[in-house]
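Student: from the sequence below, what's the structure:
(chains A, B and C)
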Amino acid sequence: MPWHDHRQFIEVDTPRDFSFVEGLVYLGRSSLECMHRVKGGALYRRLRIDTWDLVVKIEMPGERLCVHFLNATPPQWARAEVAHTVWAMFDLGVEIDAFYELAEADPILRGLCRKYRGLRIVKMEDLFEALCWAIIGQQITLGFAYTMKRRLVETYGQRLVFGGEPYYLFPTPQALAPLAEEDLRVLQFSRSKAGYIIEIARRFDGGQLRQTDLADLEDYQELKARLMALKGVGPWTADYVILKCFRHRQAFPIADVGLQRALQIVLGRDNKPSLSEIRALAKPWTGWEAYAAFYLWRVLYD
DNA sequence: ATCCAGGAGTCCG
DNA sequence: CGGACTCATGGA
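Tutor: Numbers count the residues shown, from 1 in each chain, chains lettered A, B, ... in the order given. From the prediction side, this is the model:
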């Protein structure tokens, strides 16, 4: 992961077949997103690196990703950490050639991979945030999900205003662990979702649940099982979170309504494919299911 | 009112 | 295990 230091900004080398623009399309897919902003071909967001609380602008004017430090000048070790974070954020370590090779032989993926070439999974670095977001998004419209997340973030996250714009850190487990269900119900969380999220916050806070422990798990099935052991985390949430947070590329949220809608569009049908149909279609995608899902979602953002 | 939305838990054979 | 039923909440 080679990077170049310029003190007030860093540059990160990028592999072939990486489209920053496609990453921005994904990140900018909803105007209701509260954790970052896409503006003028750049991504603006807050980044917590140990004790360093950074506001960064990420752009790609040339062959390298460029991360500008807007509110501080972090030390060299923290800049190195930022380079690593950005590398992971855009999944730059994945050798995507194998996926494209597989896609060329697949009637569904072929067109998608040609059209959206360079699109890589945009990751979330924080497992707790990913779990909360997935649980929030269960069985409700995305618009309402964004509203719920914004309320949670505005109420329990940490706000920083820079350049007249608000930047938030997602609520920590420590911030949510002491809550009672009613505290989230007033934000229009259902009783069950409130309970799930608070319980998971307590697991993190108590140290029984640690992202690093799960990241060490080599086996996808074991990781999925560990996530599903949490109340409120079913197959869809587990796969969604693995896709967004972990390296395992087998993750495939097959029950995802968006995925089904995307397949309906790509197949040019007037109804959504059944789970068994999707299973059959996804057979050739073995080992790259997460990328297949991410590319399919992309058709929803056009 | 009715159906849907980036599901999960539970129970049953 | 796979299926059926229940729960839960706002939006269109």
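Student: export the helix or strand hosting A:R261 as CSV, just CAs?
Tutor: In the assignment (DSSP states H and E), A:R261 maps to helix A:257-267. C-alpha atoms of helix A:257-267 as CSV (Å, rounded to 0.1, in the frame of the first residue of the first chain):
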residue,chain,number,x,y,z
VAL,A,257,-35.0,-6.3,-1.8
GLY,A,258,-32.7,-3.9,-3.7
LEU,A,259,-30.8,-6.9,-5.1
GLN,A,260,-34.0,-8.4,-6.3
ARG,A,261,-35.1,-5.1,-7.8
ALA,A,262,-31.8,-4.8,-9.6
LEU,A,263,-32.0,-8.3,-11.0
GLN,A,264,-35.5,-7.6,-12.1
ILE,A,265,-34.2,-4.6,-14.0
VAL,A,266,-31.2,-6.3,-15.5
LEU,A,267,-33.3,-9.3,-16.6
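Student: for it, the distance to its chain's centre please.
Tutor: Taking CA atoms, centre = their mean, to the nearest Å, one finds the center of helix A:257-267 at 20 Å from the center of the full chain.
Student: tell me which residues in that helix are buried?
Tutor: For helix A:257-267, the neighbour count (16 or more other CB atoms under 10 Å) marks A:L259, A:Q260, A:R261, A:A262, A:L263, A:V266 as buried. All C-beta spots, glycine's among them, are computed from the backbone N, C-alpha and C.
Student: what about it, near DNA strand C?
Tutor: No. Shown here: helix A:257-267 not in contact with DNA strand C (CB under 7 Å from any atom of the strand), separated by at least 11.6 Å.
Student: buried residues, the helix or strand that that helix is followed by. List them.
Tutor: Next helix or strand after helix A:257-267 toward the C-terminus (DSSP H and E): helix A:275-282. Judged by neighbour count using 16+ other CB under 10 Å, the buried positions of helix A:275-282 are A:I278, A:L281, A:A282.
Student: same question, stretch A:43-56
Tutor: Result for stretch A:43-56 [16+ other CB under 10 Å]: buried residues A:L43, A:Y44, A:R45, A:R46, A:L47, A:I49, A:W52, A:D53, A:L54, A:V55, A:V56.
Student: just those that are near DNA strand B?
Tutor: Subset of the buried residues of stretch A:43-56 in contact with DNA strand B: empty, counting by CB under 7 Å from any atom of the strand.
Student: ok, back up a step: and DNA strand B, is the helix holding A:R261 touching that?
Tutor: Yes. Using CB under 7 Å from any atom of the strand, we find that helix A:257-267 touches DNA strand B at A:V257, A:G258, A:R261.
Student: strands of chain A, start to end?
Tutor: For chain A, applying DSSP state E gives strands covering A:3-5, A:9-13, A:36-39, A:42-49, A:52-59, A:64-69, A:158-162, A:165-169.
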